[in-house]
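Colleague: Here is a sequence together with a model predicted from it:
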There are 2 protein chains.
Amino acid sequence: MTLGRAFPYGKLIFFATGNMHKFNEARRVLAEYNISVAMVRVKTIEIQDDDIESIAEASAIDAARKINLPVIVEDAGLFIDALNGFPGPYSSYVYRKIGLDGILKLLEGIENRRARFKSVVAFSDTDGSVKYFRGFVEGRITRVARGYGGFGFDPIFEPDEQPGKTFGEMTIEEKNKISHRARALREFAKWYRDQFSP
Amino acid sequence: MTLGRAFPYGKLIFFATGNMHKFNEARRVLAEYNISVAMVRVKTIEIQDDDIESIAEASAIDAARKINLPVIVEDAGLFIDALNGFPGPYSSYVYRKIGLDGILKLLEGIENRRARFKSVVAFSDTDGSVKYFRGFVEGRITRVARGYGGFGFDPIFEPDEQPGKTFGEMTIEEKNKISHRARALREFAKWYRDQFSP
């Protein structure tokens, strides 16, 4: 890491994403740590890999190189046990193509509904160094979609920590208490805040 | 293109792939044009994109850079109309995760079985220049899997040009007459052969 106390941007971080939902979730979480976040719409490379860490790493390095600023990217996926981890790193593509109904159909007649959301926040400095922060949340896939909050597969995911309610039925504040993304962002925030400590 | 008549490797091409099925199909097709093919197991970058041309391009450039030889890569996908083109560029991942049964389940109760396989062969020279060659084959998704030939989704794909038989029920020779991959490879082979013509 080259930033440390000499880092010139104050408690500001750039978040390379085109997803307003992700940005809004991140903004609120990082505000708890007095970190401001600026959305940067830069198209970064997204590699194919079964592992979201590798995807986030390549993307963060590419983003930092393109905008020449320290930056975070976030990559997440829904991993369903009965489907061998599908849709995993390709959750966004799978959501666009077959949607909630596709996942529910694949799980028809299957008792094991266990699933987890994973998130990786990758921070890249302009020297190409990268640091990861992970978060996850355990839960189950519902039988029907419920709620219009969140995005993606939120309406079919019921976290163990708040049974009876899907992510789609929660406000951003409720979701941010337990979500994979909020957890990864908090890990990042604690580390990032410490870069500025006396 | 920098190769032209001065190209030093004779009628030989390097094929970057880890898939023996693809290599065996390619070897036979290219032999029709007196082109020898050498399999190169090099891990190349594979980007996420809805478009297989972009995936193949990035992969070919990366492969040529890594092995410092003119090289082809091939990327293919099965595009199912009723599923908005799913699994498309992620066919290999989707096959590993939900298999033939997953696709058949997603299509349960759906009359429209129309689908096509697309292939892109991307040739990259060591100077980073790239040329594409495309092939496709129209067909339908069967109600049950049939045959053990080919690989991936072959046992559930019945091409229009040979109705009643899935790719999985064909020999390599039969499949190579009409397959998306063989067609893309033939386009490549014609062009490549001409690079050596007097």
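Modeller: Sure thing, it's come through.
Colleague: Tally up the residues packed near the closest residue in space to A:Glu74 that isn't next to it in sequence, please.
Modeller: Among residues not flanking A:Glu74 along the chain, A:Val121 sits closest, at 5.0 Å (C-beta to C-beta, 6 or more residues apart in numbering or on different chains). For glycine as for every other residue, the C-beta is placed from the backbone atoms N, C-alpha and C. A count of neighbours around A:Val121, defined by other C-beta atoms under 10 Å in any protein chain shown, yields 29.
Colleague: element containing A:Val121, please.
Modeller: strand A:114-124 (DSSP states H and E).
Colleague: Downstream of that strand, the next helix or strand is which one?
Modeller: strand A:130-141.
Colleague: Within the sheet, what are the partner strands of that next one, with directions?
Modeller: strand A:114-124 (antiparallel), strand A:157-159 (antiparallel) (DSSP bridges).
Colleague: and the residue nearest to A:Glu74, what pLDDT?
Modeller: At A:Val121, the predicted lDDT confidence score is 97.
Colleague: Please tell me how far it sits from A:Asp75.
Modeller: 8 Å (C-beta to C-beta, to the nearest Å).
Colleague: Can you pull the residues that touch both of those two?
Modeller: Common neighbours of A:Val121 and A:Asp75, counting by C-beta atoms under 8 Å, 6 or more residues apart in numbering or on different chains, are A:Ala56.
Colleague: Which residues of chain A lie near chain B?
Modeller: A:45-50, A:55, A:83-88, A:90, A:93-94, A:96-98, A:102, A:105-106, A:108 (C-beta under 8 Å from any C-beta of the partner chain).
Colleague: How many neighbouring residues does the closest residue to A:Lys131 other than its chain neighbours have?
Modeller: Spatially, and ignoring its direct neighbours in sequence, A:Lys131 is nearest to A:Phe123 (4.8 Å; C-beta to C-beta, 6+ apart). If you count neighbours by other C-beta under 10 Å, A:Phe123 ends up with 22.
Colleague: ok, now which ones touch A:Phe123?
Modeller: Counting by C-beta under 8 Å, 6+ apart, A:Phe123 has contacts A:13, A:60, A:70-72, A:130-133, A:188, A:192.
Colleague: Include distance to A:Phe167 and pLDDT when you put these into a markdown table, please.
Modeller: As requested, these are exported to a markdown table (distance: C-beta to C-beta, whole Å; pLDDT from 0 to 100):
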| residue | distance to A:Phe167 | pLDDT |
| --- | --- | --- |
| A:Ile13 | 24 | 92 |
| A:Ala60 | 25 | 90 |
| A:Pro70 | 30 | 88 |
| A:Val71 | 26 | 93 |
| A:Ile72 | 22 | 95 |
| A:Val130 | 28 | 92 |
| A:Lys131 | 27 | 95 |
| A:Tyr132 | 23 | 94 |
| A:Phe133 | 20 | 97 |
| A:Phe188 | 21 | 97 |
| A:Tyr192 | 25 | 92 |
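Colleague: Return the member of those residues nearest to chain B.
Modeller: A:Ala60 (14.8 Å; C-beta to the nearest C-beta).
Colleague: would you say that closest one is within a strand?
Modeller: No. Counting by DSSP: H, G, I helix; E, B strand; the rest coil, A:Ala60 falls outside a strand, being helix.
Colleague: Pretty sure it sits against A:Ser124.
Modeller: Yes. Using C-beta atoms under 8 Å, A:Ala60 is in contact with A:Ser124, at 3.7 Å.
Colleague: shared neighbours, those two?
Modeller: By C-beta under 8 Å, 6+ apart, the residues touching both A:Ala60 and A:Ser124 are A:71-73, A:130.
Colleague: What does the pLDDT read for A:Phe7?
Modeller: In this model, A:Phe7 carries a pLDDT of 52.
Colleague: meant to ask about A:Asp51, not that
Modeller: For A:Asp51, pLDDT reads 84.
Colleague: Now do the closest residue to it other than its chain neighbours: how many residues are near it, please.
Modeller: In space, and not counting its chain neighbours, A:Asp51 is closest to A:Pro89: 7.2 Å by C-beta to C-beta, 6+ apart. If you count neighbours by other C-beta under 10 Å, A:Pro89 ends up with 30.
Colleague: any chance you could map the helices in chain A?
Modeller: A:20-31, A:52-67, A:91-106, A:172-178, A:180-194 (DSSP state H).
Colleague: Lowest average pLDDT across the ones you listed?
Modeller: Minimum mean pLDDT among the helices of chain A: helix A:52-67, a mean of 88.
Colleague: still on that earlier bit, is it correct that the residue nearest to A:Glu74 is in contact with A:Val71?
Modeller: No. Between A:Val121 and A:Val71 there is no contact under C-beta under 8 Å: 10.8 Å.
Colleague: so what's A:Ser179 up against?
Modeller: A:25, A:117, A:119, A:135, A:137, A:159, A:167.
Colleague: mind checking how far the second one is from B:Gly85?
Modeller: This points to A:Phe117. 25 Å.
Colleague: just to revisit the earlier point, any idea how far A:Leu69 is from the residue nearest to A:Glu74?
Modeller: A:Val121 is 16 Å from A:Leu69, by C-beta to C-beta.
Colleague: ok, now A:Ser124?
Modeller: For A:Ser124, the distance to A:Leu69 - C-beta to C-beta - is 10 Å.
Colleague: Can you pick out the residue with more neighbours from these two?
Modeller: Neighbours were tallied for A:Ser124 and for A:Leu69 using other C-beta under 10 Å; the higher tally belongs to A:Ser124 (26 against 18).
Colleague: My guess is that one contacts A:Ala58. True?
Modeller: No. In this structure A:Ser124 lies outside contact range of A:Ala58 using C-beta under 8 Å: 9.8 Å.
Colleague: Adding neighbour count, write the contacts of A:Phe123 out as a markdown table.
Modeller: Below are the contacts of A:Phe123 laid out as a markdown table (neighbours: other C-beta atoms under 10 Å in any protein chain shown):
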| residue | neighbour count |
| --- | --- |
| A:Ile13 | 23 |
| A:Ala60 | 29 |
| A:Pro70 | 25 |
| A:Val71 | 27 |
| A:Ile72 | 28 |
| A:Val130 | 19 |
| A:Lys131 | 17 |
| A:Tyr132 | 16 |
| A:Phe133 | 22 |
| A:Phe188 | 27 |
| A:Tyr192 | 23 |
